[in-house]
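> Below are the sequence and a predicted model; questions follow.
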Amino acid sequence: MIPIAIRKKYRYLRARVLSLGLHGGRNHVLTSEERRASACISVVVAIHDAPEVTDRCLRSLERNGGDAEVILVDDGSKLDRTREVIDQAITRNGWVVSRHSPARGHSRACEVGVKMTHREYICFLNSDTVVTPFCWSGMVKALQSDPRVGVVGPSTSRTSTQQTIRRAESCRFYWTDGQIDEYAFRHTTQNQEAAPVDMEYVGGFAFIVTRSAWTESGGFDPHLPNYGNEVDLCRRLKGRGYRILWTRSSYIHHLEESSFQQHFTSEELHHQRVMASSYIHTKPG
């Protein structure tokens, strides 16, 4: 068994090597195309504590959210620091917040958020993500490419599907926001003309659903409060003839399991995954 300290050192050195040339000194800003795309989107962020990653997420959304409508849902956070982060964000930006206690779970929190939205497309964003200046237009283009498209997800640093980019995954805890933006610029530029990929489902860390698809499907299943709700939603939408797409021309960084699920133990998370997998594969369409 390799000692933990050595494994940590190896991961650090590997990330340093993979980050060579990725200085992150360039000040990337939203293009007019990205800003126009953002104006079609309502972003719903469900939050349950994890104040440090939440603060990082909200500040990235502040920089790169453009003209998107932003709805924060505080699902029973218990830490004063979390409430402070949320209060500061809404004061700076005029965003809308809904608070409730006790926690109702991710599915219900998102449902509350959707009821407060007004835009054509709804983006569900985990609070352990970093939004880049290169995320909106790629997803909106994919949504508008075919009326059968119901859900679109971006490339990322960590999720359970092929959306994960291995270089970014190895560096996901080490990159600064500037390095993340620089990597997103290079990745999306390289894949600007890449065709979207049809998927069974996209990762729930960040994806956009059309309002009509959300309404027709009935949204997230409340019986899956914290895990598997995006898989189940995509499965039901595919059963109704919708397409689920991943676009390489969009990038949102994901730390994974640092946000909404932090108040669960590893054993509880494993149990939820087993139960969600069983539920999704046995529930009728």
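Looks like it arrived, so ask away.
> Show the average pLDDT along stretch 136-153.
Stretch 136-153 shows an average pLDDT of 98 in the prediction.
> Please point out which parts of it sit buried.
Buried residues in stretch 136-153, defined by neighbour count with 16 or more other CB atoms under 10 Å: 136-143, 149-153. Yep, even glycine has a C-beta here, placed from its N, CA and C like the rest.
> One more: stretch 43-63?
43-51, 53-61, 63.
> Give me the subset of those residues that lies in strands.
Assignment to strands by DSSP state E places the following of those there: 43-47.
> And the residues you listed, which is closest to Tyr121?
Val43 (9.6 Å; CB to CB).
> Identify the bridge partners of the residue nearest the centre of the chain.
Closest residue to the average C-alpha location of the chain: Ala206 at 2.3 Å, with CA atoms, centre = their mean. Beta-bridge pairing of Ala206 under DSSP bridges involves Leu125.
> Quick check: it touching Asp128?
No. Applying CB atoms under 8 Å as the test, Ala206 and Asp128 come out as separate, 10.3 Å apart.
> Which residues are in contact with each of these two?
Listed contacts common to Ala206 and Asp128 are His254; contacts here mean CB atoms under 8 Å, 6 or more residues apart in numbering.
> which residue ranges form the helices in this structure?
4-18, 32-38, 51-64, 80-93, 106-114, 136-144, 166-170, 177-190, 211-217, 229-239, 266-282 (DSSP state H).
> Mean neighbour count, these: which tops it?
Neighbour counts (mean count of other CB atoms under 10 Å) averaged over each of the helices of the chain peak at helix 136-144, with a mean of 24.
> Point out the other helices and strands that it packs with.
Where contact means 3 or more CB pairs under 8 Å, 6 or more residues apart in numbering; DSSP states H and E, helix 136-144 is packed against helix 32-38, strand 121-125, strand 149-155, strand 206-210, strand 243-254.
> Between the ones you listed, which one is closest to Arg14.
Using CB to CB, those put strand 243-254 closest to Arg14, at 17.6 Å.
> And that closest one, what does it pack against?
By 3+ CB pairs under 8 Å, 6+ apart, strand 243-254 packs against strand 129-131, helix 136-144, strand 149-155, helix 177-190, strand 197-198, helix 229-239.
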